[in-house]
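My questions concern the predicted model and sequence given below.
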Amino acid sequence: MKALALAIVALVGGLLISATVDFPDWGDPASPASLHVSPHYVEKTMEETSVPNIVTAVLADYRGFDTMFETTVVFTAGVACFLLLRRREPRPGPSRVYRHRATGVIVEMSQPPDTEPAPEVFKRIDDDWTPHDLIVMNVCRLLIPFIQLFGLYVIAHGHHSPGGGFQGGVILGASVILLALSWDLRTATTRMKETATGLMSATGVFIYAGVGALALAMGGNFLDYAALSPILMVDPVAARSLGIFFVEVGVGLAVMATMVLIYRNLASEGHLDQGL
Amino acid sequence: MSEQYPALVVIGPLLCALLVSVAGWLRPRLCLPLAIVGLGIAAAASTGLLAQVLATGPVSYRLGGWAPPWGIVYYVDNLSAVVAALVSWVALFNLAASYRTAMTDYPEKIGPFYTLYVLAVTGMLGMVVTGDAFNLYVLLEITSLTGYALIGLAGGRAPLASLNYLFLGTIGASFYLLGVGYLYIVTGSLNMADLAKLLTPLYGSLALLAAFAITLVGLWMKMAFFPLHAWLPNAYGFAPAPAASLLAPLMTKVMVYVMIRVMISVFTVEFILQEVALSQFVVWLAVAAMVAGALMALGQRDLKRMLAYIVVAEVGYMVGGAWLGNKMAMTGAILHIINDAVMTFCVFLAAGCIYQKTRGTAFEDLQGLFKKMPWTMTALAAGALAMIGVPPFCGFFSKWYLIRGGLEAGHWGFVGALLFSSLVNVVLFFRIFEIAFFEPMSHGHGGHGGHGEQAKAIALTEAPLSMLLPLLAAALGLVALGLATGPLVEKIILPIIPAGLG
């Protein structure tokens, strides 16, 4: 069986490699990929969309419909994780661990208490994770706002420099995950509630599709940002640039929320009480 | 409004899926109505689109207002319009039928369940109407992802089956993407119509042949064409009933549609018949699929798994028909996409109704069902007769075209395998009917203990009306489709058969 598999791999690999003899040379300026559609993008992007970054224009405008569905793929992955992983019933094993804030003494209760102790006196901590590292916690706390600021910059500056909704959204999501790692999952969940995360994930994609549908309602084709110019009160070309910005915001929101949602469900095995 | 139909077919359900997700967090009760609205928009728009295409010819729609090949276009001809209408209506009926099961089985996850359900249909519809090879891949991803999640939702072995499907499905989708990448390297275009034009001077190029081969193998993997079918029986057999009756009828059929679309609209039949010249080989693979699917179905002791193997055999019919290389067989293959979707839907939904009442679809669970669930079993019988190919049920007509195509091509193996698989279907379904009709409901089977089983036997009644009505509609649809074969073939299918086919 192994030999058969190896033979198939060799056969397919051989086919794929042998086909490359008909490929244009690496970086050949006369290759079909550089001659057919690309020149139009290179020459006309600024004139047609007023976006200096050609990649952004192709991604969010010329082929913006693909990108909308790529965002939907991210959203779908989040919903799928939630559907398969989230568990409402409490985790088996009755013990709960608390830290007395004033003294740092750790208390383990063999059964869950009837009433949660006051969180400002006893802080609940994870069963299997006790270190309480002042430096890591505080450095991360100070860094997170700057990380988020940078994330917003990357989203907003996708028109002019490498960046955009996906990249910025990942940075924003990573900032929340950093909070969960350096503090704990509960803190991150208090700051960004589960319902809010789920809603943001859907809202992000809705912003993208909604901008498209608005263009349709304004008499243009779906996602034809130029049709939005009467609402935005700019000329149709500038409307394209603005439309790209709106959808990038939607992408950023969806990507951030989905990352957090997936992380939480994976880290806590779907219980969202404690985890990495 | 009518010029916006192609967009509405896809964005109607997409926007509603997002609203369903929001409702799932805030007002779970609104999920089902919103899902119905979404699929209702899709069904209305695709039906309108079909009427429009039949009246005025193919429609193309520029997304974002950009002209091809720079932007993405939707291109809708008779074939895509009829498959889109089929997908949206079947999905809508199944949604109506699924709500009782969803409420009882996963009441806390109604929101994500309906979100993924509607997104799966959105993906299928997008694949059907798109005229862009890469856009098709993106939508394939959405349909696959939602499919994995919906299948894994059932407990037991379902998550493992889903994981297996995920591995193989991802390989299949990557192959398709790699093929599109090869095409882009040699042409610089992603638009299907543009590709068809640009490929003509490249005939004979090894890169083109490799692109065709890997695209095709990727699609075969996705449609579970023998011997790449290994994921399907477990995935559809263990899937929760609402997901099985959505994915089993539609997913494989949409993939067969994509294969035919890629064959006639991207690579063109001239290329396939003259340059590739693998028709004989592929048809023999199809023969193997029919025979193997039928034989493996014989070995099953569970209704849903048996049906899953029949799906494997049915994929063989359609791939074989598409590759026989004549008009008659291609007509049969396309007609069979439509017919098979409805009959697979009918039998899987019947299995879902049975599961809703008996909580199992093993053969022992079927005992005495004709007495207890007469309407469900009647619909199952109708689906079975269609699958066997008894006139006036629709299965007969597409098989008739396929057999005539096989005779015209002089391919006796194909004709023989098709008849063999139909005969095996007779055995398969009459075995079921024998159990359900003659064997009285046993007490205490399966080692559960007598008392509870007796209580179940008494309580067992017909499936709820919300499941029964869509099921009966599907059963009637089988006869209606059969009677409508003439106009269906003449008005819709014949105009799009490429002239290059003999």
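Thanks, I have the structure now.

CA atoms for contacts and neighbours, from now on please.
Noted.

all helices of the stretch 1-150 of chain B, in order?
When secondary structure is read from DSSP state H, counting those that start in this stretch, the stretch 1-150 of chain B shows helices at B:5-26, B:31-56, B:78-105, B:110-129, B:133-152.

Residues of the stretch 151-300 of chain B that sit close to chain A?
Of all the residues in the stretch 151-300 of chain B, those in contact range of chain A (CA under 8 Å from any CA of the partner chain) are B:152-153, B:184-189, B:205-208, B:210.

who wins for most neighbours among the residues you listed?
The residue in those with the most neighbours, by other CA atoms under 10 Å in any protein chain shown, is residue B:189 (28 neighbours).

Just confirm it contacts residue B:195, I think it does.
Yes - counting by CA atoms under 8 Å, residue B:189 does reach residue B:195; the two are 6.2 Å apart.

list the residues that contact both of these two?
residue B:183 (CA atoms under 8 Å, 6 or more residues apart in numbering or on different chains).

Nearest to chain A within the stretch 101-250 of chain B, name that residue for me.
Checking the stretch 101-250 of chain B residue by residue against chain A with CA to the nearest CA singles out residue B:188 as nearest, at 3.7 Å.

in which helix or strand would I find the closest residue to that residue other than its chain neighbours?
Closest residue to residue B:188 in three dimensions, ignoring its sequence neighbours and counting by CA to CA, 6 or more residues apart in numbering or on different chains: residue A:33, at 3.7 Å. Using DSSP states H and E, the element containing residue A:33 is helix A:32-35.

Outside of that helix itself, list whatever touches it.
In this structure, residues lying in contact with helix A:32-35 by CA under 8 Å, 6+ apart are A:24, A:29, B:184-189.

Put the alpha carbons of it into PDB.
Included here for helix A:32-35 are C-alpha records, laid out as PDB according to Å, rounded to 0.1, in the frame of the first residue of the first chain:
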ATOM      1  CA  PRO A  32       0.900  35.700 -20.700                       C
ATOM      2  CA  ALA A  33       0.200  36.500 -17.100                       C
ATOM      3  CA  SER A  34       2.100  39.800 -17.500                       C
ATOM      4  CA  LEU A  35       0.600  40.700 -20.900                       C
END
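
Name the next helix or strand following that helix along the chain.
helix A:38-49.

now that next one: how far from the chain's centre is it?
Relative to the chain's own centre, helix A:38-49 is displaced by 29 Å; criterion: CA atoms, centre = their mean, to the nearest Å.

can you give me the mean pLDDT across it?
For helix A:38-49, mean pLDDT is 87.

List the buried residues for it?
Of the residues in helix A:38-49, A:38, A:41, A:45-46, A:48-49 count as buried by neighbour count, 16 or more other CA atoms under 10 Å in any protein chain shown.

Please, where are all the helices along chain A?
Taking DSSP state H as the criterion, chain A contains helices spanning A:2-19, A:32-35, A:38-49, A:54-57, A:64-85, A:134-156, A:165-182, A:185-191, A:194-217, A:229-232, A:236-267.

tilt between the third one and helix A:236-267?
Spelled out, that is helix A:38-49. 110 degrees (axes from the mean of the first three to the mean of the last three CA atoms, to 10 degrees).

CA atoms of helix A:38-49 as PDB?
The C-alpha coordinates for helix A:38-49 follow below in PDB (Å, rounded to 0.1, in the frame of the first residue of the first chain):
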ATOM      1  CA  SER A  38      -2.100  42.900 -15.700                       C
ATOM      2  CA  PRO A  39      -1.300  45.900 -17.900                       C
ATOM      3  CA  HIS A  40      -4.800  47.200 -17.500                       C
ATOM      4  CA  TYR A  41      -4.500  47.100 -13.700                       C
ATOM      5  CA  VAL A  42      -1.000  48.600 -13.800                       C
ATOM      6  CA  GLU A  43      -2.000  51.500 -16.100                       C
ATOM      7  CA  LYS A  44      -5.600  52.200 -15.200                       C
ATOM      8  CA  THR A  45      -5.900  51.600 -11.500                       C
ATOM      9  CA  MET A  46      -5.100  55.200 -10.400                       C
ATOM     10  CA  GLU A  47      -7.300  56.600 -13.100                       C
ATOM     11  CA  GLU A  48     -10.300  54.300 -12.500                       C
ATOM     12  CA  THR A  49     -10.200  53.900  -8.700                       C
END
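
Name the residues that touch it?
Around helix A:38-49, the neighbours that count as contacts under CA under 8 Å, 6+ apart are A:51-52, A:54, A:57-58, A:237-238, A:240-241, B:70.

try stretch A:158-178
So stretch A:158-178 is contacted by A:51-53, A:56-57, A:140, A:144, A:147-148, A:150-157, A:188, A:241, A:245, A:248-257, A:259-260, A:263 (CA under 8 Å, 6+ apart).

quick one: the helices in the stretch 151-300 of chain B?
Ranges of helices in the stretch 151-300 of chain B, per DSSP H, counting those that start in this stretch, are B:158-187, B:192-199, B:206-223, B:232-238, B:241-261, B:268-270, B:279-298.

ok so, going back, pick out the most distant pair among the residues of the stretch 151-300 of chain B next to chain A.
Of all pairs drawn from these, the one with the longest distance (CA to CA) is B:153 and B:205, at 45.5 Å.

Tell me the spacing between residue B:286 and chain A.
In this structure, residue B:286 and chain A are 20 Å apart, going by CA to the nearest CA, to the nearest Å.

And for residue B:78?
Going from residue B:78 to chain A by CA to the nearest CA gives 22 Å.

Then residue B:498?
According to CA to the nearest CA, residue B:498 and chain A sit 27 Å apart.
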